[in-house]
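Student: This is a predicted model, with the sequence first.
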Protein chains: 2
Amino acid sequence: MSERPRRLSRRTLLASGAAGAAGLAVGAAGASAVGKDPDSQDLGRSTVPFRGAHQAGVTTAPQTHATFVAFDLRDDVDADGLRRLLRIWTDDIERLMSGRPGLTDTEPELASRPDRLTVTVGVGAKVVEVAGAEVPGWLGPLPEFVIDRLESRWSGGDLILQVCSDDELSVSHAVRVLTKEARTFVAVRWVQRGFRGPVKGPDLPRNLMGQVDGTAAPAASEHDRLVWVGDGSRQLFGAQPAWLEGGTTMVVRRIAMDLDTWDELDRPSRERTIGRRLKDGRPLTGGSITDDPDLEARDSNGLEVIDPFAHVRRARTEDRTQQFLRRPYNYDDPPASGDLTNAGLVFVTFQADVDRQFIPIQARLAELDLLNQWTTPIGSAVFAILPGTGAGGFLGEALFS
Amino acid sequence: MSERPRRLSRRTLLASGAAGAAGLAVGAAGASAVGKDPDSQDLGRSTVPFRGAHQAGVTTAPQTHATFVAFDLRDDVDADGLRRLLRIWTDDIERLMSGRPGLTDTEPELASRPDRLTVTVGVGAKVVEVAGAEVPGWLGPLPEFVIDRLESRWSGGDLILQVCSDDELSVSHAVRVLTKEARTFVAVRWVQRGFRGPVKGPDLPRNLMGQVDGTAAPAASEHDRLVWVGDGSRQLFGAQPAWLEGGTTMVVRRIAMDLDTWDELDRPSRERTIGRRLKDGRPLTGGSITDDPDLEARDSNGLEVIDPFAHVRRARTEDRTQQFLRRPYNYDDPPASGDLTNAGLVFVTFQADVDRQFIPIQARLAELDLLNQWTTPIGSAVFAILPGTGAGGFLGEALFS
């Protein structure tokens, strides 16, 4: 245990600090979740706590593997059935996240190594309606962007489970347990799985285009205003339904990357597209990776260093509330016959307010971002991430009050 | 570095010993491959050596992720073109396995964390023919077994790359580099990706049925007779073409698991199906996990403890040459619409002689194994794994001599 501090990278420290600042009930267990001791017999048994004001899996330092499962609620499920499903899920998510088998787990041995398993539950408009609660206006499809080529097989859904772990076997087992026991209430609508580099060592997280990803994010101290629904976000964005207090909103976009044409581009052109250096993710105008690019800077010819249509310029705004927490995963699925690649990003964002934080940025990017030449949104879904729940409670209980 | 011994589990020690006994040119580098120091800045940078008498990825302790890519050779590729492809692959596999970018790598930053990356190259009959070498009789489809429901989209192929790493991003990048540069010579025929638990800690590797997998395997001291083609195997099985000296044979079977009906079975019935305890993989007749089951043992009612049709009984034989090295990976792909699961095993075996080692066991299992009720082979392919290559050489050079 004395070796723990050496294991903590800058990124895990940030994430850990973030969780603390956001009021997550992590405490000592939270530290164990990100600072596991690799020499112990407990390797792979690290856990992230389930109970607390917020659900895990949002500000949790990203695990290497994620599966996103969206469900359609069956038409014959009423408020009672929905409550039953949420109670069953709550119970088994708590068990699985702590390394115990689900209640009716038929492969209990597969539960013993959670490896920082988190399961995060979100709901769509139909679920809120069935529960008899107020449906917020943003809880539905996003406005259509000109770049969208959405396919229904990657879009929508009445419920979502985001299942993450540093061990894919743990993800697979949790998905199976939770999907199986829900089958009388829901039908699987879509499944997306993704991966990313481990949160360890000095390396930066990169996507399959080779770009350093997720550099601009709300500071941990801003999570109570920009990520979680509560007093902080209310002052900025106005009220949300009471049942969402302590929750957040989630956007899941499936972004196909045309790696084959991207690979034909030389490095300077790629860096110009993004506005950042490929090598280390720093802005082309210098400074550190977390520094703002200098959008006014000009080169010796008087031209803007950051291209007018560069991704960083289009994404950025003076309005500092237009930020969201990104938690993206790469996908690299078998290509269709004749194709070379089928890869991209499961682009996942969390923000207190979809309309005020996500949509303005997305609209600017859809309009003029150079990167759009090589990326195509093919799936889109919006969910309300339920608040966390304390001892004895169940996820979504406020929906029924 | 002083902490290394604590990191070595029984399984990595076995695997490491195996590599040494089999004459792999591992040495100090081989040790670094399995005993990485998780506290160092080099985390994720562990490498497995490429050059040696044998290719890596066969007796290498299994990494957590694998992608198998089978290719069809384009009709216009002659011996010269084939030689060029094998030289290009050799060069880039050596680079990638050592953590350096491929020669024409367009995302060089993604190469920096190989995390025990291995790439293993195998060939089918067409490639051997084009090279002008002797095609062994076994290098083609396996005989059809009654249990087979083979689909062409998971079967056959003229070339295979087995790409493994403990980091899925490393696998994805290597597959892309090697596939992209080969596209004028080959077309992708199928891609299968898989995962397994990490080789660390005290846990046993389990498949998605919850079974401890891979318990019966040739001892490391037997690899020169039962795995690698050479003097040892020649004495047992007779001669193979000279170009295969130092190589081995690979069978890739895609085995679909019907987890939904398997889950309806109670634990005693599952254990009876296999002949092993689910909890720890020990034979139902006792002893340790590596002990032979006592096939003669009877219970107080005079009934055989190991069912006449149990998997372990059907797989086992008095003929100790009927063994192969298993290196299976789980798959858990998104299910087709309306299905609950699409999971199973990419069952990969290596053996010196397909006809004498693999087929007899498979034939016995196809006939009467209880497990067949819940498993279905849906893909099948056989490859000759090329020998390793020394300094300055290229994979498959003996094919052209």
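Tutor: Good, I have the coordinates. Numbers count the residues shown, from 1 in each chain, chains lettered A, B, ... in the order given.

Student: got a list of what A:Leu110 touches?
Tutor: A:Leu169, A:Ser170, A:His173, B:Arg206, B:Leu208, B:Gly210 (Cβ atoms under 8 Å, 6 or more residues apart in numbering or on different chains). Glycine gets a C-beta too; all of them are placed from N, C-alpha and C.

Student: again but with A:Arg326, I slipped
Tutor: Here A:Arg326 is in contact with A:Asp213, A:Gly214, A:Ala217, A:Phe347, A:Val348, A:Thr349 (criterion: Cβ under 8 Å, 6+ apart).

Student: can you count the residues close to the single nearest residue of the stretch 301-401 of chain A relative to chain B?
Tutor: Using Cβ to the nearest Cβ, the closest approach of the stretch 301-401 of chain A to chain B is made by A:Pro334 at 4.0 Å. A:Pro334 sits with 17 neighbouring residues when counted by other Cβ atoms under 10 Å in any protein chain shown.

Student: Skip the chain neighbours and tell me the closest residue to A:Gln211.
Tutor: Excluding the flanking residues, the one nearest A:Gln211 by Cβ to Cβ, 6 or more residues apart in numbering or on different chains is A:Ile274, at 6.1 Å.

Student: A:Arg276: what's it in contact with?
Tutor: Contacts of A:Arg276 by Cβ under 8 Å, 6+ apart are A:Gln211, A:Val212, A:Thr215, A:Arg282, A:Pro283, A:Leu284, A:Pro293, A:Val312.

Student: Now do the first one, the pLDDT please.
Tutor: Translated: A:Gln211. Model confidence at A:Gln211, expressed as pLDDT, equals 82.

Student: and it, how many residues sit next to it?
Tutor: The burial count for A:Gln211: 22, using other Cβ under 10 Å.

Student: one step back: just name the closest of the contacts of A:Leu110 to A:Pro387, please.
Tutor: Nearest to A:Pro387, judged by Cβ to Cβ, of these is A:Ser170 at 24.7 Å.

Student: is any part of the longest helix seen in chain A close to chain B?
Tutor: Criterion DSSP state H: the longest helix present in chain A is helix A:79-97. No - in terms of Cβ under 8 Å from any Cβ of the partner chain, no part of helix A:79-97 sits within range of chain B; the closest distance is 14.6 Å.

Student: And that helix, what's buried?
Tutor: Of the residues in helix A:79-97, A:81-83, A:85-86, A:88-90, A:92-97 count as buried by neighbour count, 16 or more other Cβ atoms under 10 Å in any protein chain shown.

Student: phi, psi of A:Tyr329?
Tutor: phi -130, psi 150 (degrees, to the nearest 10).

Student: Please report the distance of it from A:Gly247.
Tutor: 21 Å (Cβ to Cβ, to the nearest Å).

Student: more crowded one of those two?
Tutor: A count of neighbours by other Cβ under 10 Å puts A:Gly247 above the other of A:Tyr329 and A:Gly247, at 30 against 23.

Student: The more buried one against A:Trp228, yeah?
Tutor: Yes - A:Gly247 sits in contact with A:Trp228 when judged by Cβ atoms under 8 Å, with a separation of 7.4 Å.

Student: tell me, what's touching those two both at once?
Tutor: A:His54.

Student: where does the stretch 251-400 of chain A dip in pLDDT?
Tutor: For the stretch 251-400 of chain A, no stretch is flagged by pLDDT under 70.

Student: so who does the residue of the stretch 301-401 of chain A closest to chain B touch?
Tutor: A:Asn342, B:Trp190, B:Val191, B:Gln192, B:Arg193.

Student: again, 7 Å this time
Tutor: If a contact means Cβ atoms under 7 Å, 6 or more residues apart in numbering or on different chains, then A:Pro334 has A:Asn342, B:Val191 as its contacts.

Student: That one should be in a strand, yeah?
Tutor: No - according to DSSP: H, G, I helix; E, B strand; the rest coil, the state of A:Pro334 is coil, so it is not within a strand.

Student: Could you measure from it over to A:Leu117?
Tutor: Where A:Leu117 is concerned, A:Pro334 sits at a distance of 26 Å (Cβ to Cβ).

Student: I figured A:Arg95 was touching A:Gly102, is that so?
Tutor: Yes - with contacts counted by Cβ atoms under 7 Å, A:Arg95 reaches A:Gly102, the gap being 5.7 Å.

Student: Excluding residues flanking it in the chain, which one is nearest A:Arg100?
Tutor: A:Ala111 (6.1 Å).

Student: On the pLDDT front, check whichever residue of the stretch 51-200 of chain A sits closest to chain B for me.
Tutor: Residue nearest to chain B within the stretch 51-200 of chain A: A:Glu107 (3.4 Å; Cβ to the nearest Cβ). pLDDT recorded at A:Glu107 is 90.

Student: Ok, the one 3 residues further on next?
Tutor: In this model, A:Leu110 is scored at 92, pLDDT.

Student: any idea how far it is from B:Phe347?
Tutor: On the measure of Cβ to Cβ, A:Leu110 and B:Phe347 end up 19 Å apart.

Student: likewise A:Leu386?
Tutor: From A:Leu386 to B:Phe347 the distance is 40 Å (Cβ to Cβ).

Student: Between the two, point out the one with more neighbours.
Tutor: Counting neighbours by other Cβ under 10 Å for A:Leu386 and for B:Phe347 shows that A:Leu386 has the greater number, 26 against 21.
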